[in-house]
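J.: 3D model of this:
(chains A, B and C)
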Amino acid sequence: MPELPEVETIRRGIAPHLLGQRIDRLEVRERRLRWPIPLGLEQALAGQQIDSVERRGKYLLIGLERGTLLLHLGMSGSLRLLPAGLPAEKHDHLDLVLNQGQMLRLRDPRRFGALLWTTEDPLGHPLLRALGPEPLGENFDGATLYRASRGRRSAIKALIMDSKVVVGVGNIYANEALFAARVHPAHPAGRIGHERCARLAAVIQQVLTEAVTQGGTTLRDFLREDGRPGYFAQRLQVYGRAREPCPSCGAPIEQQRIGQRSSFYCPRCQR
DNA sequence: CCGGACGCCTGTCGGC
DNA sequence: TGCCGACAGGCGTCCG
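T.: Model (predicted):
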């Protein structure tokens, strides 16, 4: 579910409620996520103060006095800030109960999400170590994309969704960025020149930035920490719009599977 | 190294 | 109405 804009929206939403708070306790009802929640995590967290709430790619990093929680929402994960003690519903797998009456609750029907724990530099964690640059950071531009794509025979869409190349771009925003850059999603990555790499990098940044300002995209079940939806769905140009007219030229949007993911594009505008 | 397929899960939707 | 397959915002792992 959540791509960079949704995770960043959640981060901004929860950070003010978590920072400086102390964790009363962690209550786990279901340990079987993408990876099992570490045994004994409850003991490790109890009483610790929350010092930071950051994001790396689609991971949330909750920094404590000693150690860091790594939280990933997978396809269907969501976080809510709720009054402590509210009865858990189906798929509410855990609560991080804070010391002033609130709790952070994780719901994740498909259980592709993860809650992990490290007492070392979190960026050195095996799951984060090999991640590519942040698209909205200083280490990502057209030259990055150009270098990463040389010699690559795979589709450009697969390349921009590869977290070793650039983090945070999932299926929705990959489709939208390729439309904005007028690049066909199946175009071989290695055959795209400097200029179009620059255009593509720029629109990735534009689309993600705009999506963050809209609070992300709510299609089915994404909600922010306070239960409000994100409003970027209204801005989607091609994602989920098969057979609708292209907003630019009017030709019907086509849908095709590329790299096991649904891809939407305008056959006339995107080459 | 690279590219592609698979599997992990549950819920929903469309077709019959 | 019920059943069944396809599909859904991710991503680590395995195989050729």
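J.: I'd like to know which elements the helix or strand A:Leu82 falls within is packed against.
T.: If you go by DSSP states H and E, A:Leu82 is part of strand A:78-83. The contact analysis (3 or more C-beta pairs under 8 Å, 6 or more residues apart in numbering; DSSP states H and E) places strand A:78-83 against helix A:4-18, strand A:102-107. All C-beta atoms are positioned from the backbone trio N, CA, C, and that covers glycine.
J.: List the buried residues in stretch A:114-124.
T.: Under the neighbour-count criterion of 16 or more other C-beta atoms under 10 Å, stretch A:114-124 has A:Ala114, A:Leu115, A:Leu116, A:Trp117, A:Thr118, A:Pro122 buried.
J.: how near is the residue in chain A that DNA strand B sits nearest to to A:Arg34?
T.: In chain A, no residue comes nearer to DNA strand B than A:Arg110, which is 3.2 Å away by C-beta to the nearest atom of the strand. Going from A:Arg110 to A:Arg34 by C-beta to C-beta, to the nearest Å gives 9 Å.
J.: more crowded one of these two?
T.: A:Arg34 (16 against 13; other C-beta atoms under 10 Å).
J.: Nearest spatial neighbour of that one, chain-adjacent residues omitted?
T.: Spatial nearest neighbour of A:Arg34, chain neighbours left out: A:Ala114 (4.3 Å); criterion: C-beta to C-beta, 6 or more residues apart in numbering.
J.: my guess is the one you found meets A:Gly74, correct?
T.: Yes: A:Ala114 lies in contact with A:Gly74 (C-beta atoms under 8 Å); the separation is 7.1 Å.
J.: Quick check: neighbours shared by those two?
T.: A:Leu33, A:Arg34 (C-beta atoms under 8 Å, 6 or more residues apart in numbering).
J.: if we can go back for a sec, what residues do A:Arg110 and A:Arg34 have in common as contacts?
T.: Common neighbours of A:Arg110 and A:Arg34 (C-beta under 8 Å, 6+ apart) are A:Gly74.
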